[in-house]
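Q: A structural model of the following input is requested.
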Amino acid sequence: APAVQLLALGYAANLDVTRIPLVLVDQDRSAESRQLARDFTGSGYFELVGSEESTDALEPWLEGDRAQIGLVIGRGFGEDVTAGRRPVVQVIVDGSETTSASLGMAYASQIVARRSGELLAARLAEVRRRAAVSGRALQAAGQAEAVPRVWYNPDLRSRWFYVPAVLAMVLMLITMILSSMGVVREKEIGTMEQLIVTPLKGWQIIAGKLLPFGIIGLVDLFLVIAIAVGWFRVPLRGSLLLLVGLTLLFVLNTLSLGLLVSTLVRTQQQAMMASSFLVMMPMIYLSGLLFPIDSMPPLLQLVSRLIPLRYYAVILRGIFLKGAGIEALWPQAAALAGFGALFLTLAAARFSKRLD
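A: Purely as a prediction, here's the structure:
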């Protein structure tokens, strides 16, 4: 298991951000603006995921975590380049993921500076041939400038990125380990047979075992939110009620996974090891909670789509930092509901088989 984890997670634990999802707003539609867009997509740092007509249409892309960078090329960009003026492009960045935001701005500035140098060199050669102006006067002419604008986390505070991640890990740790060990403990001390001979049905026993841990998870949720907002000053811009409702869907997943693990092991020690090393650690590393998913190999990106924590991480940062509503987060909510129903069905089937 350690060798498999090292090989898989060694590729996942990567802070070298590449293939950052990019949305293009090209209001100029000139040959120069199209060339700049090709410079971005051909650099290997960005991946074009969509295009819009105005900056107002960028918010749903960033709010729903479908893109992390918006490149806005305003009207007159081509004319400014041709006339030797200083053209300006705007780079709008999703600041809720500080690593991707910082590197994305650096990559964008580098690409614009490179294109600016090429344009300046071409114009300098042309004007020198015509002997129109002096070389010194051309040093600042036609140099494009990338103006960054960071949304949701303007100061790029890393604590705003990591505190919601800690909230998710605390919830997963509490609910999954407790639920996996709670059922196994019944088998170890011999009380499972007493439950079997009672008139309780299988689903009633499952509900009785999982409900207390679900309540503990909700208590921990409110406790961690109070510390995150009151002590660490992480803003809660969205609906608390929506956060609680979607957290219940996530807790359904963790409780079901814990119950499923309990049906596959015989001792509490095995339940602890299986929950920690076989389930939770891969979920944490492959969910995008700590490391950008876009930098992972394609195979691990596909695997991450099967991890409920991936969708809950988007929900947490969306509600905390972006003030996102259900209209932006419904794909993540649907994924949590689907996985929760699947895991609960599998766990209930295994648990009922053990009772029989």
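Q: can you pull out the strands in the chain?
A: Counting by DSSP state E, the chain has these strands, from start to end: 20-26, 46-52, 69-73, 88-94, 145-151.
Q: So which of the ones you listed is nearest residue 10?
A: Nearest to residue 10 among the strands of the chain is strand 20-26; the distance by Cβ to Cβ comes to 21.7 Å. C-beta: built from backbone N, CA, C; applies to glycine.
Q: Does that closest one pack against any helices or strands, and if so which?
A: Strand 20-26 makes packing contacts with helix 31-42, strand 46-52, helix 58-63, strand 69-73, helix 98-130 when contacts are defined by 3 or more Cβ pairs under 8 Å, 6 or more residues apart in numbering; DSSP states H and E.
Q: Neighbouring strands - and their directions - for that strand?
A: strand 46-52 (parallel), strand 69-73 (parallel) (DSSP bridges).
Q: Now do that strand, average pLDDT.
A: On average, the pLDDT along strand 20-26 is 92.
Q: what does stretch 163-174 give?
A: Model confidence over stretch 163-174, given as mean pLDDT, is 88.
Q: picking that back up, deepest in the core, which of the strands of the chain is it.
A: Among the strands of the chain, strand 69-73 has the highest mean neighbour count (mean count of other Cβ atoms under 10 Å), at a mean of 25.
Q: can you pull out the helices in this structure?
A: Per DSSP state H, the chain carries helices over the ranges 2-12, 31-42, 58-63, 77-83, 98-130, 158-189, 192-196, 202-230, 240-262, 268-273, 281-286, 298-304, 308-317, 326-355.
Q: right, and those helices - which one's nearest residue 146?
A: Nearest to residue 146, of these and by Cβ to Cβ, is helix 98-130 at 4.0 Å.
Q: For residue 154, give its distance to residue 193.
A: To residue 193, residue 154 is 60 Å away according to Cβ to Cβ, to the nearest Å.
Q: Please apply the same query to residue 320.
A: Distance check for residue 320 against residue 193: by Cβ to Cβ, it reads 46 Å.
Q: How about residue 173?
A: Relative to residue 193, residue 173 is positioned 30 Å away (Cβ to Cβ).
Q: got it, and residue 216?
A: 26 Å.
Q: What's the local residue count around residue 240?
A: 12 (other Cβ atoms under 10 Å).
Q: How about it, nearest residue that isn't a chain neighbour?
A: The shortest distance from residue 240 to any residue other than its chain neighbours is 7.6 Å, reached at residue 225 (Cβ to Cβ, 6 or more residues apart in numbering).
Q: how many neighbours does the one you found have?
A: Residue 225 has 20 neighbours, counted by other Cβ under 10 Å.
Q: And for the one 4 residues further on?
A: The number of residues packed around residue 229, counting by other Cβ under 10 Å, is 15.
Q: Hmm, it is touching residue 238, no?
A: No. In this structure residue 229 lies outside contact range of residue 238 using Cβ atoms under 8 Å: 12.0 Å.
Q: And the spatially closest residue to residue 68 that is not a sequence neighbour, how close does it get to residue 163?
A: Leaving aside its chain neighbours, residue 68 sits nearest to residue 94 (4.6 Å; criterion: Cβ to Cβ, 6+ apart). With distances taken as Cβ to Cβ, residue 94 is found 17 Å from residue 163.
Q: circling back: looking at residue 320 and residue 193, which is more packed in?
A: The neighbour count for residue 320 versus residue 193, taken as other Cβ under 10 Å, is higher for residue 320 (26 against 10).
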